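**Q** Sequence first, then the predicted structure:
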Amino acid sequence: MTHQPDTPSKTLIVVTGPTASGKTALAIDIARELGCEIISADSRQIYMGMPIGTATPTADELAAAPHHFVATLPLDAYYSAAEYEADVMALLPELWLRSDYVVMCGGSMMYIDAVTRGIDDIPTISDETRRRVLAEYDSHGLPHMVRWLRELDPEGAETVDLQNPRRVIHAIEITLQSGIPASRLRTGQPKHRPWRTVTMAIDYPRDELFDRINRRVDRMIAEGMEAEAASLYPLRHLNSLNTVGYKELFAMMDGTMDRDTAIARIAKNTRVYAKKQLTWLKRRPEVHYLTPSMPLLQQALRLIKQHD
């Protein structure tokens with residue numbers, strides 16, 4: 001097990017915020033300026049095979065600065081925020097040897113919390129438990145799983161996103177594996193981290209952000225997202241593809257939604273997701289907001305230097 005020394009001279013720069021707010025470009029600019037590397041904090045970009053629908057950094061962007069946790073997992077791989085925490089904590093000592101800075105970029109807030117605040121110690125899920133729970137889901141669907149979770153952990157069911165199969169499944173797995181309700185294992189106490197963390201987000205007015213989202217969806221469609229989704233259609237049952245963009249296009253391919261409605265629904269559901277990200281940001285007083293009408297890199301560097 002890698003032991004991480006207490007290195008307060010090191011700084012983790014978290015570039016986060018809602019989807020379509022310009023995180024990737026800013027993170028690359030910061031990494032190039034400081035000569036450091038980027039850790040992606042995106043729970044969908046970590047999978048291979050869906051670059052358009054997840055807005056994975058382009059080849060040019062990946063070449064501009066070293067990236068980690070981008071397109072590294074097959075679509076059928078199970079991967080939790082706890083596993084992400086462990087993997088990042090194992091990687092950081094190597095990155096600290098090359099620079100005093102590391103940039104973390106993404107909008108998957110559970111991933112960011114996993115690294116900056118830590119996840120409560122929960123049991124490793126055995127293959128047997130995982131197969132049992134997934135078999136129940138495959139046979140009976142999400143409503144059955146929600147009922148099962150409410151029986152196993154009524155208190156936890158009040159806080160889990162019951163529309164998200166992955167969250168419901170994982171809560172059941174933890175409860176079955178540990179023998180006690182998952183909610184009792186969650187203390188919410190942040191872990192000590194031996195580095196400084198500087199967290200920033202680009203603060204677009206909501207109407208401007210939503211316009212950026214709408215234009216991004218149009219761009220994804222123009223770049224071939226429908227063809228990408230069609231190639232993934234046989235795998236649509238996988239949790240990695242249970243995400244905005246693909247769900248709507250799969251519905252179109254099933255014949256339950258016409259094309260115009262599917263595209264409009266992608267934009268709408270992306271805006272809903274952005275609102276959830278904004279809600280998370282409001283609960284984090286450590287987030288510093290950058291003004292998009294002013295040079296972003298200069299603002300970011302000034303903020304980083306203030307914390308050195």
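**A** That came through fine. Numbers count the residues shown, from 1 in each chain.
**Q** Next, the contact list for Arg132, please.
**A** Going by CB atoms under 8 Å, 6 or more residues apart in numbering, Arg132 touches Leu176. No exception for glycine: its C-beta is placed from N, CA and C like everyone else's.
**Q** so what pLDDT did it get?
**A** Arg132 carries a pLDDT value of 94.
**Q** That one - that's part of a strand, no?
**A** No - the assignment for Arg132, made by DSSP: H, G, I helix; E, B strand; the rest coil, is helix rather than a strand.
**Q** State the distance from it to Ile13.
**A** In this view, Arg132 and Ile13 are 41 Å apart by CB to CB, to the nearest Å.
**Q** next one: Tyr79
**A** Computed as CB to CB, the Tyr79 to Ile13 distance reads 24 Å.
**Q** For Pro123, give me phi and psi.
**A** phi -70, psi 150 (degrees, to the nearest 10).
**Q** Model confidence score at it, please.
**A** So Pro123 comes in at 78 (pLDDT).
**Q** Next, the buried residues of stretch 29-41.
**A** Asp29, Ile30, Ala31, Leu34, Cys36, Glu37, Ile38, Ile39, Ser40, Ala41 (16 or more other CB atoms under 10 Å).
**Q** List the contacts of the fourth one.
**A** In other words, Leu34. Leu34 makes contact with Ile13, Ser99, Tyr101, Val103, Ile304, according to CB under 8 Å, 6+ apart.
**Q** What strand or helix carries Gly141?
**A** Taking DSSP states H and E as the criterion, Gly141 maps to helix 127-152.
**Q** I should have written Ser183 there, sorry.
**A** Ser183 is part of helix 182-185, with elements assigned from DSSP H and E.
**Q** Contacts for that helix, please.
**A** Here helix 182-185 has contacts from Asp120, Asp121, Ile122, Asp153, Glu155, Gly156, Thr159, Ala171, Ile174, Thr175, Ser178, using CB under 8 Å, 6+ apart.
**Q** can I get the buried residues of stretch 29-41 in a markdown table with secondary structure?
**A** Output for the buried residues of stretch 29-41, formatted as a markdown table (three-state DSSP):
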| residue | secondary structure |
| --- | --- |
| Asp29 | helix |
| Ile30 | helix |
| Ala31 | helix |
| Leu34 | helix |
| Cys36 | coil |
| Glu37 | strand |
| Ile38 | strand |
| Ile39 | strand |
| Ser40 | strand |
| Ala41 | coil |
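**Q** which one of the residues you listed is nearest Met252?
**A** Nearest to Met252 among those is Ser40, at 28.6 Å by CB to CB.
**Q** and the residue lying closest to Leu134 once chain neighbours are set aside, how far is that from Ile125?
**A** Of all residues not flanking Leu134 in the chain, Ile169 sits nearest, at 7.0 Å (CB to CB, 6 or more residues apart in numbering). Distance, Ile169 to Ile125, by CB to CB: 10 Å.
**Q** Okay then, goodbye and thanks.
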